[in-house]
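# Need coordinates for the following:
(one chain, ligands or ions: 1)
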Amino acid sequence: MFKTLPGFREFYPEDVAKRDYIFKVWRDTARAFAFREFDPPVLEQLDLFTEKSGEEIKSQLFEFTDKGGRAVSMRPEMTPSLARMVGAKANSIRRPVKWFCMGENYRYERQQKGRLRAFYQFNADILGEESLRADAEIIGLLVGILKAFGLTQDEFKVRLGDRTLWVLFLENAGVKDELIMPVLSVVDKIERVSPEAFLEMLEEALAGSQIDAGVLADKIRAFIPLKDLDSFGAAFEGGMIPQDRIEGRLTQWRELFASLKDMGVADFVKPDLGIVRGLAYYTGFVFEAFQTVGTGRALAGGGRYDNLVKKLGYPDMPAVGFGMGDVTVSDLLELVGKGKSIDSSPDVCVVIADDSLRGEALKAIYALRGDGISVDYQFKTNNMGKQLKYADSIGARLAVIFAPDEFSAGCVSVKNLKDGSSLRVELNSLVCSVEKMLSVGK
Ligand code: HAM
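Here you go, the predicted model:
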């Protein structure tokens with residue numbers, strides 16, 4: 001017997017119907033925000049990710065050498081591909097670029113609840129706009145999507161952190177440029193490891209420097225719980241960073257929240273310095289949406305990454321965006337009873353009461369299908385009762401019945417399976433009649 005590989009799902013039709021609902025909400029909401037869809041390749045040159053995504057992702061790549069000897073990897077995320085695609089057209093593309101995409105990503109992770117090795121991810125990004133208005137638009141879309149799923153403030157929140165403020169904080173603590181990223185990637189793990197493990201990782205990140213890891217760990221632990229802008233400012237008092245740099249950044253926080261308030265989403269967003277994000281390329285505000293019921297896992301994450309396009313060798317292009325996975329979102333929707341499916345039931349089931357009519361019935365079925373109406377019928381039976389039961393079981397709205405008596409008068413009957421009413425129609429106007437009946441109540 002063959003099994004699916006660990007961390008890979010198979011989607012039966014009812015699972016696809018649920019997944020399609022998630023895709024529909026993602027796509028519809030992104031379009032309401034005037035984002036345009038793009039689609040990057042699934043397989044990429046390996047170093048696009050090893051150099052741009054950062055350490056954690058590097059160890060999770062589904063990488064191999066292809067038959068042409070190229071080092072390649074399945075994509076673990078979409079952002080480096082997006083940066084390349086936009087970067088390649090940077091001189092001619094209309095800015096800001098507002099693009100979204102949806103597709104499967106692959107990460108060789110330890111399989112656990114909410115984390116798989118193949119998962120779908122929605123991404124929305126704005127490139128070419130440096131102002132915080134783009135950050136606000138992106139966060140507005142993130143909240144807009146979760147609200148479109150029917151989720152409320154009791155069920156999720158967005159935690160908003162700030163790498164710029166963290167860089168200032170670490171500079172203030174004497175951490176030199178090249179150590180800032182390694183220290184931040186340790187800070188990113190603080191919620192998931194023991195205090196001892198945290199200290200050990202910090203010591204490793206600071207190896208060779210003059211900084212006392214224990215002292216820095218205490219400072220970090222005191223900084224993270226701060227939840228309001230005044231206390232962010234107070235944390236820098238008496239330090240070596242000029243007050244106007246701190247004030248400048250806090251003004252941006254205020255501006256961002258003012259926009260979020262005008263958009264009606266500020267109540268979903270909480271300042272939270274515990275969010276620094278694991279990926280290497282973020283440069284400014286960073287955020288993650290978490291479910292606040294059940295497992296409390298991350299639903300989405302993103303932030304500003306102003307240097308990535310340039311680092312790929314293209315013109316400078318500021319950027320901000322986020323990714324949202326389907327796994328935790330669908331788990332949450334199930335948990336709170338808000339999961340839905342896209343109805344894929346056929347419009348019509350044709351019932352054939354006698355095999356002598358099968359040829360004429362097939363002609364009618366193909367005429368209906370040619371008109372865009374979905375039609376099913378059974379291959380073997382002529383038993384009307386069984387066929388009507390089948391029509392009901394597949395959720396068809398109408399049954400078109402081919403019976404000898406009516407047919408000899410050039411007619412068929414159309415039964416509305418939802419209200420039980422029946423209508424006799426002429427065979428040569430069947431398509432038109434079915435169209436009309438289907439349009440009622442749509
Ligand atoms: P990320 O935080 O790695 O960010 O992933 C974003 C979301 O994808 C997570 O919050 C989670 O919902 C989902 N996800 C990630 N890994 C897995 C997994 N193994 N199994 C199930 N779901 C998963 C990024 O990928 C960035 N590229 C997002 C971004 C776009 N930043 C800027 N633009």
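# Quick one: the helices in the stretch 101-250 of the chain, in order.
132-148, 163-172, 177-187, 195-205, 213-223, 229-234, 243-262 (DSSP state H, counting those that start in this stretch).
# most neighbours per residue, which of the ones you listed?
Of all those, helix 132-148 has the most neighbours on average by mean count of other Cβ atoms under 10 Å, namely a mean of 22. Heads up, the C-betas are built off the backbone N, CA and C, glycines and all.
# CA atoms of that helix as CSV?
In CSV, the C-alpha atoms belonging to helix 132-148 read as follows (Å, rounded to 0.1, in the frame of the first residue of the first chain):
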residue,chain,number,x,y,z
LEU,A,132,3.3,54.0,5.6
ARG,A,133,0.1,54.3,3.6
ALA,A,134,1.2,51.1,1.8
ASP,A,135,1.7,49.4,5.2
ALA,A,136,-1.7,50.5,6.3
GLU,A,137,-3.3,49.2,3.0
ILE,A,138,-1.6,45.9,3.5
ILE,A,139,-2.7,45.5,7.1
GLY,A,140,-6.2,46.7,6.0
LEU,A,141,-6.3,43.9,3.5
LEU,A,142,-5.1,41.3,6.0
VAL,A,143,-7.8,42.2,8.4
GLY,A,144,-10.3,42.6,5.6
ILE,A,145,-9.7,39.0,4.5
LEU,A,146,-10.1,37.6,8.0
LYS,A,147,-13.3,39.6,8.5
ALA,A,148,-14.6,38.3,5.1
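# quick one: that helix to helix 243-262, angle?
With axes from the mean of the first three to the mean of the last three Cα atoms, to 10 degrees defining the directions, helix 132-148 sits at 40 degrees from helix 243-262.
# that older thread, same list, the helices of the stretch 101-250 of the chain, but as CSV with distance to Lys52 and mean pLDDT please.
Converted to CSV, the helices of the stretch 101-250 of the chain look like this (distance: least, Cβ to Cβ, whole Å; pLDDT from 0 to 100):
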stretch, distance to Lys52, mean pLDDT
helix 132-148, 20, 98
helix 163-172, 16, 95
helix 177-187, 13, 92
helix 195-205, 20, 95
helix 213-223, 26, 95
helix 229-234, 30, 92
helix 243-262, 26, 96
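# Nearest to Ala353, out of the ones you listed?
Of all these, helix 132-148 sits nearest to Ala353, with 45.5 Å by Cβ to Cβ.
# Near the ligand, which residues of the chain? Just list them.
77, 79, 107, 109, 115-116, 119, 121, 123, 125, 279, 298-302, 305, 321-325, 327-328 (Cβ under 6 Å from any ligand atom).
# Compute the number of surrounding residues for the residue in the stretch 251-400 of the chain positioned nearest to the ligand.
Per Cβ to the nearest ligand atom, Gly325 is where the stretch 251-400 of the chain lies closest to the ligand, at 2.7 Å. Using other Cβ atoms under 10 Å, Gly325 has 22 neighbouring residues.
# wait, what's in contact with it?
For Gly325, the contacting residues are 119-121, 299-300, by Cβ atoms under 8 Å, 6 or more residues apart in numbering.
# Pull the CA coordinates from the helix or strand of the chain with the lowest mean pLDDT and hand them back as PDB.
Scoring the helices and strands of the chain by mean pLDDT, DSSP states H and E places helix 55-58 at the bottom, with a mean of 78. What follows is helix 55-58, C-alpha atoms only, in PDB (Å, rounded to 0.1, in the frame of the first residue of the first chain):
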ATOM      1  CA  GLU A  55      18.700  30.600   8.000                       C
ATOM      2  CA  GLU A  56      15.400  29.000   9.100                       C
ATOM      3  CA  ILE A  57      14.100  28.500   5.600                       C
ATOM      4  CA  LYS A  58      17.400  27.400   4.300                       C
END
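# residues of it that come out buried?
Judged by neighbour count using 16 or more other Cβ atoms under 10 Å, the buried positions of helix 55-58 are 56-58.
# possible to save those as JSON lines with distance to Leu256?
Compiled in JSON lines, these are given as follows (distance: Cβ to Cβ, whole Å):
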{"residue": "Glu56", "distance to Leu256": "27"}
{"residue": "Ile57", "distance to Leu256": "27"}
{"residue": "Lys58", "distance to Leu256": "31"}
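# Please identify which of those is nearest to Val86.
Ile57 (20.2 Å).
# contacting residues for the closest residue to that closest one other than its chain neighbours?
Spatially, and ignoring its direct neighbours in sequence, Ile57 is nearest to Pro76 (5.1 Å; Cβ to Cβ, 6 or more residues apart in numbering). Going by Cβ under 8 Å, 6+ apart, Pro76 touches 49, 53, 57, 60-62, 105-107.
# The same query, at a cut-off of 7 Å, please.
Contact analysis of Pro76 by Cβ atoms under 7 Å, 6 or more residues apart in numbering lists 49, 53, 57, 60-61, 105-107.
# any idea how far Arg192 is from it?
19 Å (Cβ to Cβ, to the nearest Å).
# And for Ile352?
Applying Cβ to Cβ to Ile352 and Arg192 gives a distance of 61 Å.
# can you check Ser345 too?
Distance from Ser345 to Arg192, by Cβ to Cβ: 44 Å.
# higher neighbour count, those two?
Just comparing Ser345 and Arg192: by other Cβ under 10 Å the higher neighbour count belongs to Ser345, 13 against 8.
# I'd guessed that one sits against Asp392; true?
No - judged on Cβ atoms under 7 Å, Ser345 makes no contact with Asp392 at a distance of 10.4 Å.
# for Glu360, phi and psi?
Backbone dihedrals for Glu360, given as degrees, to the nearest 10, come out at phi -70, psi -40.
# okay but Leu299 is in contact with Val327, surely?
No - checked against Cβ under 7 Å, the pair Leu299 and Val327 is beyond contact range at 9.5 Å.
# Looking at these two, which one has more neighbours?
Under the criterion of other Cβ under 10 Å, the comparison of Leu299 against Val327 puts Leu299 first, with 25 against 18.
# ok, the helix or strand containing the more buried one: who's next to it in the sheet?
Assigned by DSSP states H and E, Leu299 belongs to strand 298-304. Looking at strand 298-304 with DSSP bridges, its partner strands are strand 285-291 (antiparallel), strand 319-325 (antiparallel).
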